[in-house]
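Participant: everything below, folded, please.
(chains A, B and C)
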Amino acid sequence: MDGMMTAIRVIPLEHYIVLSFILFSIGMAGALFRRNTIIILMCLELMFNSVNLLLAAFSAHHSDPGGQVFVFFIMLVAAAEVTVGLAILVMMKRNVDSVDINQLNRLKW
Amino acid sequence: MLYLFYLFAVISVLSALMVVAARSPVNSVISLIVCFLSIAGHYILLNAQFLAAVHIIVYTGAIMVLFLFVIMLLNLNKITEPSKTLTTRIAAVTAGALFLFTLLGALRQGVQITAAKEFDGSTGLVKSVGQSLFSEFLLPFEMSSVLFLSAIIGAVMLGRKDRTPREDAPTHPAPVERRTKKIPA
Amino acid sequence: MVNLPLHAAMVPGFPLLGALVIAALRGKLKGNAAGMLATTMIGLSFVVSVIMFLHTHAEDGPQVVNFFDWIHIGGMDVPFALQIDALSLTMMLIVTGVGTLIHLYSIGYMHDDARVSTFFACLNLFTFAMLLLVMGANFVMTFIGWEGVGLCSYLLIGFWYTKPAYNYAARKAFVMNRIGDVGFVLALALLFSRLGTLNYVEVFDRAGSLSVEMVTVVTLLLFVGAIGKSAQLPLFTWLPDAMAGPTPVSALIHAATMVTAGIFLLVRSSALFSLAPFTQDVVLWTGLITALLTASIGVFQNDIKKVLAYSTVSQLGLMFVALGLGAYSAAMFHVTTHAFFKALLFLGAGSVIHALGGEQDIRKMGGLKGVTKITYVTFLIGTLAIAGIPGFSGFFSKDAILMAAYQEHPMLYAATMAVSLLTVFYMFRLLFLTFFGTYRGHAHAHESPLVMTVPLMVLAVLSVAGGLLNLPHLFGGHEPMKHYLETAAEGIAGEHNYLSASTEWILMAVTVGLILLTILLAYNRFVKKTTLDPEPEEMSIFSRLIARKWMVDELYAFLWERPYGWLSTQFYGILERKVMVPITLGAGRWTQKAGKAARMLQNGNMSFYLFGMVVGIVVFLMITLYGG
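Facilitator: Below is the predicted model of the structure:
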């Protein structure tokens, strides 16, 4: 256990911050990059996880379990969001027979 | 230990890139699962054992399986997705890069990160997280179950076949013929 | 004995109720129902007024009935209150009494009009407003009534709205009245800023604390209001045009009641006017010039109603002369008798017009005394009354004014005498040309129905007996009306009579002699020879000037209408076309263009929205990080 505890101190917090930044940017670029709605949903999950990682890192470095509880709640919300998002996807596939996000362009003037 | 971190970091970044780059959705899902597993590794490095466990169970166990189910049920694995125009792709990559550099610039500009006054190695253990969750965050915890309930109901409502008559249908529709199963003799 | 709040509310309440009910049931009232209802309502109002007159002991001083706090802003506190005193009771009796008779007459006069219900609704509404005007316990209440009667006057002048000329006349009356109202409102604002109250009792109590200049300005502004309402120089031109309305309207509004509102206001505010000698001079001279000018115009008019209209303006001028001289009781007395005989004359004229099927030109009348006997006799009585033949009411009231004028200066007496002689001349000209000689028209004349002649007879009796209301000492009376009014208007208590009895007798004899001479002159000219006015082109320049009404309308057109029209054209051409329109239309066009451009952003493409969001976040972060 002691080895694990020291590990936290060996790895600087900045490392985690940079890592989560990179993951978040990849997720965001992917959401812009792809047209497949299911991939865009996955990119959203990726962004959630980068934030989760950041929260967990801060929590560990500050010795405050509140941050990890927050990660827990974010997971809950993400799960709910995915449920609804995938249901919408199923509806979309059924109605327009496509998962191309550009098909959903009727909500305009 | 630091090397372990770098290993996990490289795995997660590479698999994240794969998620975006893969042509087939199933490959994307597999890459994302790899990415999530490496993030679980990070959690363990951070001594957040509870989170690591929950993460694997919820994400890789539930969410990603859901993704896979949907892809397979809807038969989405065909590589039919027309790619975006080059301009859009460049713009997307530029935007992502710009965002990253902005954040990094912000970090460099001197966000003061102060360490905890007294370090407690047991922060991420199930005991401390559980105590925090069931004392300080009890109400949000209970509320989240309501959120789940509504998400389930929403998903069921969205996913079922539309049987209600449309608004443009005649007000007095002809009586629906009862489907009679023809039992083969 | 008398439940003061209840009775005070009933007097204006009945006509208001009548107006509302008739207006609500406009389409459903058949035949004479509207007229009957309206007449009943104002009749009830008259009965209540009489009861109040008999039982309220107004001679003990004004009694104010507060109904509720109406305007309560900052230091301004205007209650919805009515004031019952000798002055308001007198006016109430005139308004409701003469009003009832005219309503009754209107049933006959308007019986075949399609919009008879509208007519009676307006007439009742007018009565309500007029009662509010005379009964109000503060300047604001009076002002509501003041505006209300102006509105009803407008509605009724333009009652036959299909004729453009009538609409023009209605607008003219309305606009001219508004000019006066500006003065009224300014006077109220000034009074309030100086005294902090608009209640009559308090204002007159504190009037002494005002400087002479302030009182002069306030009273001048009030007089401007009175000029507008009572059709004095320079705002008198609307009244002759107002004859476009139905004749009962002319009788009620433009002879008996509304136009005397200016006189009423001055008498009501006599406590202020007594403190401003300069204003009194202005009132005197305005009244005198108006009286002379319009009396001279009356001589050359050929429309039966126009003659009476100019006569009204001229008589109002005489009343203002009396007010200017401080003879408030004489003015009120003349208001009363004038209400009787001028209403009688107008209704008689209406009866003649009715008899001749709408003919109003006296050159096409004549010889009617054999056909329309009742109308003739009553009209004769009215003429004798306005001429001031001894025994008739006009004699006493006009004589009171003449005496007051002589007391001031003999030349003033001569001028007012000239006015009254002109009055005698044109009134007898009217009488002779209408009822004497031979008939010059083509219509089949017939006497009016009883519903129209009964009011004539009642008014004729009043025109004869009205003098008894204020019988002077000279004839064994003791001026009861003056003593009654003294309790309400401060100015009346200060009147004094310096003339000796012998002087009054001599003046009276001179007056009567001159009047008789004038009648003889008119008889020679119009009965023996039946001189009709030639066309204006054949007249001498002076006569032509008078016949063209001293070119006052043309003068106003030159002074106001043309420059105003020119200015409006310029504003339209330059300011509106070159500046306002480009700005307003341009604003619209640019908004449209901006909207079209902004609409391109909402193209329904979700990736585009996402992209926009990311760019927004980046920009936001950049600003927060590097911008500060």
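
Participant: can you list the buried residues in the longest helix along chain C?
Facilitator: In chain C, assigned by DSSP state H, the helix with the most residues is helix C:164-195. Neighbour-count burial for helix C:164-195 flags C:166-167, C:169-170, C:172-174, C:176-177, C:180-181, C:183-188, C:190-192, C:194-195 (criterion: 16 or more other CB atoms under 10 Å in any protein chain shown). Where you see a C-beta, it was placed from the backbone N, CA and C, and this is true even at glycine.

Participant: kindly report the same for stretch B:44-53.
Facilitator: Applying 16+ other CB under 10 Å to stretch B:44-53 flags B:Ile44, B:Leu45, B:Leu46, B:Asn47, B:Ala48, B:Phe50, B:Leu51, B:Ala52 as buried.

Participant: can you tell me which residue is spatially central in chain A?
Facilitator: Among the residues of chain A, the one closest to the centroid is A:Phe48, at 2.0 Å (CA atoms, centre = their mean).

Participant: circling back to that earlier point, against which helices or strands is the longest helix of chain C packed?
Facilitator: Packing partners of helix C:164-195 (3 or more CB pairs under 8 Å, 6 or more residues apart in numbering or on different chains; DSSP states H and E): helix C:139-157, helix C:200-206, helix C:212-230, helix C:238-241.

Participant: what about 6 Å?
Facilitator: The elements that helix C:164-195 packs onto, with contact taken as 3 or more CB pairs under 6 Å, 6 or more residues apart in numbering or on different chains; DSSP states H and E, are helix C:139-157, helix C:212-230, helix C:238-241.

Participant: using the three-state scheme, assign the closest residue to chain A within chain B.
Facilitator: Relative to chain A, the nearest point of chain B is B:Gly96 (2.7 Å; CB to the nearest CB). Three-state call for B:Gly96 (DSSP: H, G, I helix; E, B strand; the rest coil): helix.

Participant: also the one 4 residues further on?
Facilitator: Three states are possible here, and by three-state DSSP the one that applies to B:Leu100 is helix.

Participant: quick one, what contacts it?
Facilitator: Each residue near B:Leu100 by CB atoms under 6 Å, 6 or more residues apart in numbering or on different chains is listed here: A:Phe21, A:Ser25.

Participant: how near is it to chain C?
Facilitator: 10 Å (CB to the nearest CB, to the nearest Å).

Participant: now do that residue against B:Cys35, distance only.
Facilitator: 17 Å (CB to CB, to the nearest Å).

Participant: what's the answer for C:Met243, then?
Facilitator: 99 Å.

Participant: number of residues surrounding B:His55?
Facilitator: 26 (other CB atoms under 10 Å in any protein chain shown).

Participant: tell me which residues touch it, please.
Facilitator: Shown in contact with B:His55 (CB under 6 Å, 6+ apart): B:Ala40.

Participant: let's have the buried residues of stretch B:44-53 in JSON lines, adding pLDDT and secondary structure.
Facilitator: Listed next are the buried residues of stretch B:44-53 as JSON lines, based on pLDDT from 0 to 100; DSSP: H, G, I helix; E, B strand; the rest coil:
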{"residue": "B:Ile44", "pLDDT": "89", "secondary structure": "helix"}
{"residue": "B:Leu45", "pLDDT": "87", "secondary structure": "helix"}
{"residue": "B:Leu46", "pLDDT": "86", "secondary structure": "coil"}
{"residue": "B:Asn47", "pLDDT": "84", "secondary structure": "coil"}
{"residue": "B:Ala48", "pLDDT": "86", "secondary structure": "coil"}
{"residue": "B:Phe50", "pLDDT": "87", "secondary structure": "helix"}
{"residue": "B:Leu51", "pLDDT": "89", "secondary structure": "helix"}
{"residue": "B:Ala52", "pLDDT": "91", "secondary structure": "helix"}
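
Participant: show me what contacts the closest residue to C:His254 other than its chain neighbours?
Facilitator: The shortest distance from C:His254 to any non-neighbouring residue, by CB to CB, 6 or more residues apart in numbering or on different chains, is to C:Ala242 (5.0 Å). Neighbouring residues of C:Ala242 by CB under 6 Å, 6+ apart: C:Ile157, C:Ala173, C:His254.

Participant: and the residue in the stretch 1-150 of chain C that chain B sits nearest to, what pLDDT?
Facilitator: Of the residues in the stretch 1-150 of chain C, the one nearest chain B is C:Gly27, at a distance of 39.6 Å by CB to the nearest CB. In this model, C:Gly27 is scored at 75, pLDDT.
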